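S.K.: need a 3D model of the following:
(chains A and B)
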Protein chains: 2
Amino acid sequence: MADDRFHVYDSTLRDGAQQEGLSLTVADKLAVARHLDELGVGFIEGGWPGANPKDTEFFRRARTELDLKHAQLAAFGATRRAGVKAADDPLVAALRESGAPVVTLVAKSHDRHVELALRTTLKENLAMIRDTVSHLHAEGQRVFLDAEHFFDGYKSDPAYALEVLRTAAEAGASVMVLCDTNGGMLPDELADVVHEAVGTGARIGIHCHDDTGCAVANTLAAVKAGATHVQGCANGYGERSGNANLFTVVANLQLKKGLDLVPAGSLAEMTRIAHAISEVTNITPNSHQPYVGVSAFAHKAGLHASAIKVDPNLYQHIDPAKVGNDMRMLVSDMAGRASVELKGKALGYDLTSEQSRELVERVKDLESRGHTFEAADASFELLLRDTVAGERRRHFGVESWRVIVERRPGGDVVSEATVKLHAKGERIVATGEGNGPVNALDRAVRVALEKLYPELAEVELIDFKVRILEGTHGTDAITRVLIASSDAAGEWATVGVGENVIEASWQALEQAVTYGLLRAGYGADPATTPASHGA
Amino acid sequence: MADDRFHVYDSTLRDGAQQEGLSLTVADKLAVARHLDELGVGFIEGGWPGANPKDTEFFRRARTELDLKHAQLAAFGATRRAGVKAADDPLVAALRESGAPVVTLVAKSHDRHVELALRTTLKENLAMIRDTVSHLHAEGQRVFLDAEHFFDGYKSDPAYALEVLRTAAEAGASVMVLCDTNGGMLPDELADVVHEAVGTGARIGIHCHDDTGCAVANTLAAVKAGATHVQGCANGYGERSGNANLFTVVANLQLKKGLDLVPAGSLAEMTRIAHAISEVTNITPNSHQPYVGVSAFAHKAGLHASAIKVDPNLYQHIDPAKVGNDMRMLVSDMAGRASVELKGKALGYDLTSEQSRELVERVKDLESRGHTFEAADASFELLLRDTVAGERRRHFGVESWRVIVERRPGGDVVSEATVKLHAKGERIVATGEGNGPVNALDRAVRVALEKLYPELAEVELIDFKVRILEGTHGTDAITRVLIASSDAAGEWATVGVGENVIEASWQALEQAVTYGLLRAGYGADPATTPASHGA
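M.R.: Numbering: from 1, shown residues only, chains lettered A, B, ... in the order given. Have a look, this model is predicted:
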């Protein structure tokens, strides 16, 4: 399908940016735009130049720094102020000067909003639309109209709402986007209104919010009713309950309705792109997000895991590879032996029944005490190896450790850790400094072991997550720490649990280092006193 | 509407429990059941007794410990095994013996599943259904049928899928629930299939998953096509992308479609109940959840905040009070002065333009360095007071602090903190011990100040959240800590940011204590050297 017959229009950088907790620098916005272009959306709404200084800067820098292969930039803004000519309105000028090939103008299409929010007449509002659209169109930009509060406006005064669309179309706007700004619509009613709008002969777009949990369905219903332009945001970002999740909309339309919306091969990049964008926005990804969430194809129930061994399509609505995702086996107390065996096999071990049973018991026990193996594959593998070997083997034994963090008079904060370990028959005392307690402990362990195990220099602590698990039934809260480590060949994750963050961190760190040494080819030292593993 | 004409059926404790990371004790399950009953759902599916020992225990304890005012318990289970009589099947017996007034039997309605997963004949599968349903019905339980993979089954062999429904209905099942087990359906196709099922004359229910982001819409479409029984889970819990969010479904049907599904007054408890359930499940609530999320009615854009001052209904699809939620003003760099003024007013301060402007600048600056005021109202208020007063006033000055955490030979982990403070003209040195570094710091501060400020004994640190904020553009990650504190009169939250968790915790703790002292009526000491506030 040629690009222009159906529009995929992304508003992550404008409407999505209104999400609570989301704050992007201009560099962040450029990075997100590049990812969206990788997916192959048709339009990237970059922001509101003139009204938002960051956005003015974005469009300025985009001219030289953004090399879009597929998408066109759109500048968002409002119709001219009441009583002022479009050509004289400085905010309209900013839209012209943004350099964006497309301008999307938001206009009131709800009579009460015109009267109470804009405080002007219905007639002047139409003039504002006509004047601003024709002005920018004459100046050479393509104009889309965002008809704000369209559905509520249609309920209030249907003739006026449709008149807004006609006015914009006649003035040169190429798409009239119906916005469910308050997000209160349900698909059946929405489809009826879209049908009426399509009946005006104008080209119709749709922009939904998720306040009723139906943003995606509303968007699909609008397409069915004749809309040929869909708006949404990456990962469903947006104010309140968010905008329609553009990834979900695209995947649904392409995989279920057979529309070719993004270039060949792009859809299989969607999971990677969704996560890359969440790295930039620094918003924790929703693991349950349809299609791209880490849990989207993760099967937990023991029931399903044994069926999946038979035929994955029995329990999946699509092949996850189509969107670049994976089917994952989770180890948990509901999974039963089938999942543990599968996971063991995936790691290269063929467990006996007895070993499976014992491993499941150990996992259940540790999980009941706060461990999670779902995000800590290396800890799971260490547990599995211990079970297979029948004993705990470690490269070093721990005599003691101590961490000191102090704020000195004058304001400096310093962190220092001392560890006392046994390895290869030696007793080693070492001290490390760092920017925090965990960093200091990590440095101390390396100082202690790097002479005996030089490959430890390759191992790096790259991520650190802390979670306080609320105690239940009057017990104290416990702390769980997940550490991600890497060497030249890859990454792994370990988990630790303890009464406080330092204790939990030590446990995760000890396992991370042990696993790193195994990866480097070191078998454990049979003479080493076993360290406590999660006890 | 009388209870039985439309069923609201909750599966949080069975299907919802399959969510990655969700693990409930029997006590937790009983607590969740009580909350669901408070909302007024009609049926609570408690689990799979016989197959899952925790669930067998749940039904046993429910008989004496669960006093449901509104809901009925349902026991979930499978049809008898192939080739065995229902009366002889031990898992079927467990359903009988659960004591639940309702049994929901899951049965295959997809020919391929019968052949490949069950490994039996299509005819035997029907016999299994007929036999199990009639057996339990004769024994006095009400039987619902969950027709697993119904929609995929209907695509594969529509006649067989409908035959499954007829067989169950004839055997005595009162509702045939069509399950979109793989979650791949879209509303338009789903409605057509539901229509066909309704055409058999059986009473139809619907059970959707959110793999296409349409679970709620699918459920509503099914109701429109004639289903009179909806299933879902609290907060949209469930495997993969989750089950249909029962709260969203109920709110939509009740507020938008005029169905009376829950008792009068219950819907206004929904936000509280949704959060109470997430406390039990220990799953971080999704702040964007429709209706009940903390952000569901939170307006960020400066544009909207000024309009809301005019009329809240201009920007909200419903009055949040109907579901027990609130409209919240967020302070952030997009909000502009209108939000800060509103928030200041809500706290009892009338800010001048100059003060608003300065406060907004300070907030933007601190937020750019990792602070968040959205979840730390007390920190915001301290900042506001500083702005109004034109200076920073504190009750105590900090000379230094030191925290030591050590694991001793033998395995004990101990935490100790020493603080050196100035207050009311004195220099105080005090040490505290605790179960972790933050707890030890907290104790040390109290030991230091409790003689001068006895009311500090009322102040308690009740919650502690840590978040590592990824650095961008090569900068180091910073740690943000949120502390919740309480005294006899209420709770407050403070935020701290630093290079490591101890440093960040100190900042949040210092503010928490300061705020507690202000609440206790102590004005700040003008002679105290100002502490650094977020610098």
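
S.K.: from here on, just use CA atoms for contacts and neighbour counts.
M.R.: Noted.

S.K.: what parts of the stretch 351-500 of chain A come near chain B?
M.R.: A:372, A:374, A:399-411, A:413, A:435-437, A:464-470, A:499-500 (CA under 8 Å from any CA of the partner chain).

S.K.: and these, which of them are in helices?
M.R.: Counting by DSSP state H, those place A:P437 in helices.

S.K.: neighbours around the closest residue to A:E20 other than its chain neighbours, how many?
M.R.: Counting by CA to CA, 6 or more residues apart in numbering or on different chains, A:E20 lies nearest to A:E239, which is 6.5 Å off, once chain neighbours are set aside. Neighbours of A:E239 under the rule other CA atoms under 10 Å in any protein chain shown: 26.

S.K.: surely A:E239 is in a helix?
M.R.: No. With DSSP: H, G, I helix; E, B strand; the rest coil as the criterion, A:E239 is coil rather than part of a helix.

S.K.: and the residues of the stretch 351-500 of chain A next to chain B, which are buried?
M.R.: A:372, A:374, A:399-407, A:413, A:435-437, A:464, A:466-470, A:499-500 (16 or more other CA atoms under 10 Å in any protein chain shown).

S.K.: what about the helices in the stretch 251-400 of chain A?
M.R.: A:270-281, A:302-310, A:336-346, A:353-368, A:377-389 (DSSP state H, counting those that start in this stretch).

S.K.: I'd guessed A:Y291 sits against A:R272; true?
M.R.: No. Contact between A:Y291 and A:R272 fails when scored by CA atoms under 8 Å: they sit 11.2 Å apart.

S.K.: neighbour count winner among those two?
M.R.: Taking other CA under 10 Å, A:Y291 and A:R272 do not tie; A:Y291 has more neighbours (30 against 16).

S.K.: for that one, what are phi and psi?
M.R.: When read as degrees, to the nearest 10, the backbone of A:Y291 gives phi 70, psi -50.

S.K.: from chain B, how far out is it?
M.R.: Distance, A:Y291 to chain B, by CA to the nearest CA, to the nearest Å: 7 Å.

S.K.: so what's that residue up against?
M.R.: A:T248, A:A251, A:T271, A:F297, A:P320, A:V323, A:N325, B:D211, B:T212 (CA atoms under 8 Å, 6 or more residues apart in numbering or on different chains).

S.K.: can you pull out the low-pLDDT segments for the stretch 251-400 of chain A?
M.R.: Scanning the stretch 251-400 of chain A with the threshold set as pLDDT under 70 gives A:282, A:300-310, A:328-339, A:374-375, A:391.

S.K.: the strand or helix carrying A:S485 pairs with which strands, parallel or anti?
M.R.: Following DSSP states H and E, one finds A:S485 within strand A:478-486. If you go by DSSP bridges, strand A:478-486 pairs up with strand A:460-469 (antiparallel), strand A:491-498 (antiparallel).

S.K.: tell me the angle of the host helix or strand of A:L517 relative to strand A:491-498?
M.R.: Secondary structure from DSSP H and E places A:L517 in helix A:501-519. Between helix A:501-519 and strand A:491-498, the angle comes out at 140 degrees (axes from the mean of the first three to the mean of the last three CA atoms, to 10 degrees).

S.K.: can you pull the buried residues of helix A:501-519?
M.R.: A:501-517.
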